[in-house]
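Participant: Sequence and predicted structure are below.
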Amino acid sequence: FFRVSPTTMPVDCLMCGTGEYTTGYVGGQASDSDKGTGVVGLVLFDLRLRGKTNRLGMVGVNGKKFPGIRAHMKRCIQDVYQGLDTAVETWPADDVVDPTAYLTAMDSMKKGDAVIIFTPDDTHFTMAMEAIKRGLHVLITKPPVKTLEEHLQITKAAEEAGVFVMIEVHKRFDPCYVDARDRIRTMGGCGYFYSYMSQPKHQLDTFRAWAGKSSDISYYLNSHHVDFHEWSMHGIARPIKVVGTGSTGVALARGINTEDTITLTVTWENMSEGTQGTGVYTASWTAPKGDVHSQQRFFYLGQTGEISIDQARRGYTCAADGDQFRNINPLYMKFAPSNGKFTGQHGYGYRSFEAFIDAVAEVQGGRNPKDFDGELATAASTIASTAILEAGRRSLDAGGQPMRIVYASATSSEPTTIEPIVF
C-alpha cells in the first residue's frame, strides 16, 4: 500500500455520525461490543498526533449527547493513551437537536477537506452528495448506498466534481484476506463461494433506531463478504442473478419488524467462457453471545483451487477474572496500550482510514482521484457490490423472486440496472 509523502500537508476532516463505530458511545454508556472505545474517532485522533490530520469535527443529530460523548472519549482514549488529545469541534450545539446539522458542519469545511460518513444507511446518499457538491472528499461506510441508481449518481457526481470517494471496506486491508484475494485470482473462474457473518442479538437493541426501518442485516453485514468476493472476481466473473431469502422470529419478538437472518444466493458468470459459479452470503444479528463479537468466515472453491478463512479465530485466546473467554483479533484493532501508548496503527481497521486520508492528501497534491480505482475501494470500482445487495433486498420484498443484474455489454463489469426475472 502506498504511503503519503512526508511533505504533504495534514488533512482537515469532518466525522458524520456519533454512534458505536465512531465513538463507542451507545445508550449513554460505552458499547458492550468489541468497539467500546470507538474506531473512527480513535484513529483520527492518532492520525492527528502523527501529523496526518489537523482540524477535526464531529456532527450528529442530537447535540445533547455531546457532553456524554466527550466524557466517554476522554475516559476511554485521552486518559488511556499517552499523547492522544480528543479535542474535536461538534455540531449541533449541546442544547440543540437538528437533523440538518451536517450541512452547517460541511459548510464550515473548505474545498478539498475530507468527510467520513458513519450514519444510518438511508442517510449516506444525501450526505455524500452534499459533501461532493462542496468539493469535499468522502469516505462512506458500507454499504455506501442502498440502490444501484444512487451508487451510479455518486460515481458520476464525484467524477464531475473531481473529488475522491472511497468505501470503508476494511477487509481489503486484512493481510489474510489480501493474500486470499490474490490467490483466488490465480484459481480460474468462480465455482462456489460461501460466507457467514453474525453478531449477537443484543445488537438489535443497539441498532433499534434503524433496524428494519432504514436498513437490514444483509446491507449491514453481508456487505463485507459481498465486497470481498466481488473484489476477488473483478474482471474474471460478474454477478448476474440474485435470490434473497430470510428468517424471522427473534427480532419480531422484540418489536422490531425485520429479518433475523438473510441469505443472498448469487449466480456468477465467468466472463471469458460463459460458465457459471455460485455465491451464498448469509448474515444474522440473532446469534448468542460467544467468544467473539462477530462470527465471520468464508469458503471459496475456484476451478483450480480452494481457500477457507475463519476471520474470527486467529488462534489467539484470552481469559481473565471478571471477563469471559475470548478469541481476540488485534490484527483488526489493537486497543491494548503498549507502555501507555496507542500502538494499533497496523490493524486493518485502522489502515483503511489511513489509506483514505493518505489518498486525500495525494489528491490535494495534484493526483487524479481516478488513479485510485485500481488501488482502493473507490465508488467507481464497487458498483457491483451495491447491485448485489439491492437485488437481494428487492428479491426478499418480492417473496424470493429472482433479480437479474444487467450490463451494457458482454465484457462489462459495471452493472447498469436490475430487473425482476419473470417465469
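Facilitator: Thanks, I have it.
Participant: tell me which residues in stretch 134-141 are buried?
Facilitator: Using 16 or more other Cβ atoms under 10 Å as the test for burial, stretch 134-141 gives 134, 136-141. C-beta coordinates here come from the backbone N, C-alpha and C atoms, glycine included.
Participant: Repeat that for stretch 141-152.
Facilitator: By neighbour count on 16+ other Cβ under 10 Å, the buried set for stretch 141-152 is 141-148, 150-152.
Participant: ditto for stretch 289-297
Facilitator: Within stretch 289-297, judged by 16+ other Cβ under 10 Å, the buried ones are 292-296.
Participant: sorry, back to before: got JSON lines for the buried residues of stretch 141-152, with pLDDT too?
Facilitator: Shown next, in JSON lines, are these (pLDDT from 0 to 100):
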{"residue": "Thr141", "pLDDT": "97"}
{"residue": "Lys142", "pLDDT": "95"}
{"residue": "Pro143", "pLDDT": "95"}
{"residue": "Pro144", "pLDDT": "97"}
{"residue": "Val145", "pLDDT": "97"}
{"residue": "Lys146", "pLDDT": "97"}
{"residue": "Thr147", "pLDDT": "98"}
{"residue": "Leu148", "pLDDT": "98"}
{"residue": "Glu150", "pLDDT": "98"}
{"residue": "His151", "pLDDT": "98"}
{"residue": "Leu152", "pLDDT": "98"}
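Participant: What is the longest helix along the chain packed up against?
Facilitator: Scanning the chain for the helix with the most residues, using DSSP state H, yields helix 348-364. Applying 3 or more Cβ pairs under 8 Å, 6 or more residues apart in numbering; DSSP states H and E, we find helix 348-364 packed against strand 11-16, helix 40-49, strand 114-117, strand 137-141, strand 165-168.
Participant: Mind exporting the C-alpha coordinates of the last one to PDB?
Facilitator: Only the C-alpha atoms of strand 165-168 are listed here, as PDB (Å, rounded to 0.1, in the frame of the first residue of the first chain):
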ATOM      1  CA  VAL A 165     -14.900   9.000  -2.900                       C
ATOM      2  CA  MET A 166     -13.900   5.700  -1.100                       C
ATOM      3  CA  ILE A 167     -15.900   3.000   0.600                       C
ATOM      4  CA  GLU A 168     -14.700   1.800   4.000                       C
END
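Participant: what's the spacing between that strand and its chain's center?
Facilitator: Taking Cα atoms, centre = their mean, to the nearest Å, the mean C-alpha location of strand 165-168 is offset from the chain mean by 8 Å.
Participant: For whichever helix or strand comes after that strand, which residues meet the burial criterion?
Facilitator: As assigned by DSSP states H and E, the chain's next helix or strand after strand 165-168 is helix 175-184. Using 16+ other Cβ under 10 Å as the burial criterion, the residues of helix 175-184 that qualify are 177-178, 180-181, 184.
Participant: now, which of these sits nearest Ala253?
Facilitator: Tyr177 (35.0 Å; Cβ to Cβ).
Participant: I'd like the average pLDDT over stretch 222-240.
Facilitator: Averaged across stretch 222-240, pLDDT comes to 97.
Participant: so how far is the helix-or-strand element of the chain with minimal mean pLDDT from its chain's centroid?
Facilitator: Within the chain, confidence by mean pLDDT, DSSP states H and E is lowest for strand 29-30 among all helices and strands, at a mean of 70. How far strand 29-30 lies from its chain's middle: 22 Å, per Cα atoms, centre = their mean.
Participant: Following the chain onward from the longest helix of the chain, which element is next?
Facilitator: Later in the chain than helix 348-364, the nearest helix or strand by DSSP H and E is helix 383-397.
Participant: Alright, I will stop here.
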